[in-house]
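> give me a model of this one.
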Amino acid sequence: MDSEFLFLALGLAAMFAGFMDAVVGGGGLIQIPALLAAFPHTAPAILFGTNKLSSIVGTASAAIQYGRKVQIPWRVVGPGAVSALIGSWFGAKAVAFLDPAVLRPLILVLLVLVALYTFVRKDLGAVSVEPVHGARSAVLALGIGGVIGFYDGFFGPGTGSFLIFLFIRLLGMDFLRASVSAKVLNVSTNLAAITYFASTVELMWKLGLVMALCNLCGAIVGSRMALKRGSGFVRKMFLAVVTVLIARLAYDTFFR
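Predicted coordinates for the structure are as follows:
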């Protein structure tokens, strides 16, 4: 395949992924299959690391865009981000000892439950019902960051969706505030993954930079649209992305 066309195709995929990630997460559903299709004989670790190179730029941009309009609860997000970074590093290392595919059935069940709960509870995340964040919230954030960070480093699909759902359900955030909080933690998990992969394999730095710029463009559009349309729009996108994740994991679990 011609290299210019390849870069263009992957750049477009990264742009759409950046848009999706900026709103509610799930950009890996676009970027990773595109990279695997473009480089079928390349080691997955190289492609996963290159995917993270692209994702972290768009995710960081989205977090900054949100942060200008939505107050970030740093008493929760700060501890959660540190915990997520550590968890993601150990999750990436754990891949050497356990096949991530063993988690597919469990993650599939959890995503179905998340989707059903969100669909039935029409008011979930519509408005913020956050308490004054103190020690309890910080402990919850540490737990959320550590567990989901480990999961992101180890397996990954649905990380943003799980973070948003847990921030809403356990910490009382609305969808918009939960989304920006999830972005900050995602930056941490991406940074840990990039550091780990870069220390173990040779990443595609040139391609990663091109995809990062395209991802950034998509993220700017996505974050502005989410801020303009509010929590209701983010909720609809959340349900759409979770539904696609369920379909993808069901296919991988039962038909491959």
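> in the stretch 101-250 of the chain, which spans are helices?
104-120, 135-154, 159-171, 175-200, 205-229, 231-254 (DSSP state H, counting those that start in this stretch).
> flag the shaky bits of this structure, pLDDT-wise.
1-2, 96 (pLDDT under 70).
> re earlier: mean neighbour count added to the helices of the stretch 101-250 of the chain, as a markdown table?
(C-beta placed from N, C-alpha, C; glycine too.) Formatted as a markdown table, the helices of the stretch 101-250 of the chain follow (neighbours: other C-beta atoms under 10 Å):
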| stretch | mean neighbour count |
| --- | --- |
| helix 104-120 | 16 |
| helix 135-154 | 21 |
| helix 159-171 | 24 |
| helix 175-200 | 24 |
| helix 205-229 | 20 |
| helix 231-254 | 18 |
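> which one is the most centrally placed residue in the chain nearest to, not counting chain neighbours?
By C-alpha atoms, centre = their mean, the mean C-alpha position of the chain lies nearest to residue 160, the distance being 3.8 Å. Computed as C-beta to C-beta, 6 or more residues apart in numbering, the closest residue to residue 160 that is not its neighbour in sequence is residue 25, at 1.9 Å.
> please report how far that neighbour lies from residue 207.
Residue 25 sits 22 Å away from residue 207, going by C-beta to C-beta, to the nearest Å.
> also residue 48?
Distance, residue 48 to residue 207, by C-beta to C-beta: 13 Å.
> swap in residue 254?
33 Å.
> residue 245 too?
25 Å.
> list the residues that contact the residue nearest to the centre of the chain.
Going by C-beta atoms under 8 Å, 6 or more residues apart in numbering, residue 160 touches 21, 24, 25, 26, 182, 186, 241.
> and the nearest residue to residue 221 once chain neighbours are set aside, how many residues sit next to it?
Distance criterion C-beta to C-beta, 6+ apart; nearest residue to residue 221, sequence neighbours excluded, is residue 19 at 5.7 Å. Per other C-beta atoms under 10 Å, the neighbour tally for residue 19 reads 24.
> and residue 19, what helix or strand is that in?
Remark: residue 19 resides in helix 3-23, with elements defined by DSSP states H and E.
> tell me the angle the next helix-or-strand element following that helix makes with helix 205-229.
Note on helix 3-23: by DSSP H and E, the next helix or strand toward the C-terminus is helix 28-38. Angle, helix 28-38 to helix 205-229, by axes from the mean of the first three to the mean of the last three C-alpha atoms, to 10 degrees: 160 degrees.
> and the contacts of residue 160, which is closest to residue 130?
residue 182 (14.8 Å; C-beta to C-beta).
> could you measure the nearest residue to that closest one once chain neighbours are set aside against residue 109, distance?
Counting by C-beta to C-beta, 6+ apart, residue 182 lies nearest to residue 163, which is 3.8 Å off, once chain neighbours are set aside. Residue 163 is 18 Å from residue 109, where distance means C-beta to C-beta.
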